[in-house]
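>>> output the structure for:
(one chain, ligands or ions: 1)
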Amino acid sequence: MSLRLGDIAPDFEQDSTEGKIRFHEWLGGSWGVLFSHPADFTPVCTTELGLTAKLHKEFARRNVKPIALSVDSLESHKEWVHDINETQHCTVTFPIIADPDRKVAKLYDMIHPNADETHTVRSLFIIDPDCKVRAMITYPASTGRNFNEILRVIDSLQLTDEHKVATPGNWRKGEDVVIVPSLQDEGEITERFPQGYRAVRHYLRITPDPDSNWSGD
Ligand code: BEZ
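A predicted model of the protein is given here:
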């Protein structure tokens with residue numbers, strides 16, 4: 001059965017460029033971003049891994065550990081990391097899982113046979129500190145992902161875990177949010193949102209980002 005939001009991310013043990021990974025143990029109470037790419041030494045994947053390396057501080061400030069995967073071998077990954085660092089002017093410090101037996105790819109349904117019978121598509125899972133899958137994003141092999149969008153989703157998840165809000169379309173950290181429709185008690189609203197709110201409709205109540213002490217990107 002395929003994974004759904006709220007499921008526990010399947011645990012696994014597999015080799016990686018940073019040694020053997022026991023996934024849940026490796027997460028260690030942090031958030032995680034597990035993402036597959038179709039193959040080593042391919043152009044789009046090379047740029048994606050370079051971007052992830054360069055966003056290292058942005059992931060760390062959100063307590064998120066990135067981890068990549070492809071069905072290529074560990075030897076291939078290790079050689080490719082040299083190329084990524086050289087061509088993308090970065091230092092890859094996150095692990096890349098070697099999955100030649102497709103164990104993890106199968107667990108996470110990363111192979112979509114009607115797109116490609118043997119290689120993973122661009123699957124991405126955002127996993128919370130309780131090892132629950134909180135977001136899943138799937139891209140085709142030919143389209144590189146926008147890693148700023150991944151950070152934006154993580155910002156939304158972390159904010160909405162903490163406050164009774166949701167984030168509007170195109171929202172970015174620091175911008176106004178909406179109060180969840182289930183919150184109706186005016187006393188609680190005043191307590192939770194001392195800056196007040198603007199009701200455009202009874203179901204659309206806009207309030208400043210409650211974490212507005214964020215220092216920006
Ligand atoms: C790439 O990463 O560049 C790529 C991989 C598979 C198909 C097309 C592009």
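>>> which strands or helices does the helix or strand hosting residue 159 pack on?
Take DSSP states H and E as the rule and residue 159 turns out to sit in helix 147-162. On a contact count with 3 or more Cβ pairs under 8 Å, 6 or more residues apart in numbering; DSSP states H and E, helix 147-162 meets strand 31-36, helix 43-54, strand 122-127, strand 133-139. Just so you know, the C-beta spots here come from the backbone N, C-alpha and C atoms, and that holds for glycine as well.
>>> quick check: residue 24 is in a helix.
Yes - read with DSSP: H, G, I helix; E, B strand; the rest coil, residue 24 is one of the residues of a helix.
>>> and the gap between it and residue 30?
11 Å (Cβ to Cβ, to the nearest Å).
>>> quick one: pLDDT of residue 2?
Residue 2 is assigned 86 on the pLDDT scale.
>>> using the three-state scheme, assign the closest residue to it other than its chain neighbours.
Nearest residue to residue 2, sequence neighbours excluded (Cβ to Cβ, 6 or more residues apart in numbering): residue 109, at 4.6 Å. Of the three states, residue 109 takes coil under three-state DSSP.
>>> compute the number of surrounding residues for residue 109.
Neighbour count for residue 109, taken as other Cβ atoms under 10 Å: 16.
>>> please apply the same query to the one 10 residues further on.
For residue 119, the neighbour count with other Cβ under 10 Å is 20.
>>> repeat that for residue 55.
Using other Cβ under 10 Å, residue 55 is surrounded by 17 other residues.
>>> tell me how far it lies from residue 152.
Residue 55 is 12 Å from residue 152, by Cβ to Cβ.
>>> residues touching residue 19, list them.
By Cβ atoms under 8 Å, 6 or more residues apart in numbering, the contact set of residue 19 is residue 95.
>>> ugh, wrong one, I meant residue 34
9, 23, 67, 69, 108, 124-125, 127.
>>> equivalent analysis for residue 181, please.
By Cβ under 8 Å, 6+ apart, the contact set of residue 181 is residue 203.
>>> mind splitting the chain into its structural domains?
Domain assignment for the chain, taken from automatic domain parsing, gives 13-146, 163-207.
>>> so how far is the shortest one off the chain centroid?
Domain 163-207 sits 25 Å away from the centroid of its parent chain (Cα atoms, centre = their mean, to the nearest Å).
>>> next one: the helix or strand hosting residue 82 to chain centre, how far?
Assigned by DSSP H and E, residue 82 belongs to helix 74-88. Helix 74-88 has its C-alpha centroid displaced from the chain centroid by 22 Å (Cα atoms, centre = their mean).
>>> other residues contacting the following helix or strand past it?
Downstream of helix 74-88, the first helix or strand assigned by DSSP H and E is strand 96-98. Applying Cβ under 8 Å, 6+ apart, the contact partners of strand 96-98 are 14-17, 21, 49, 67-70, 72-74, 76-77, 80-81, 104.
>>> same question for the helix holding residue 159: list its buried residues.
Neighbour-count burial for helix 147-162 flags 147, 150-159 (criterion: 16 or more other Cβ atoms under 10 Å).
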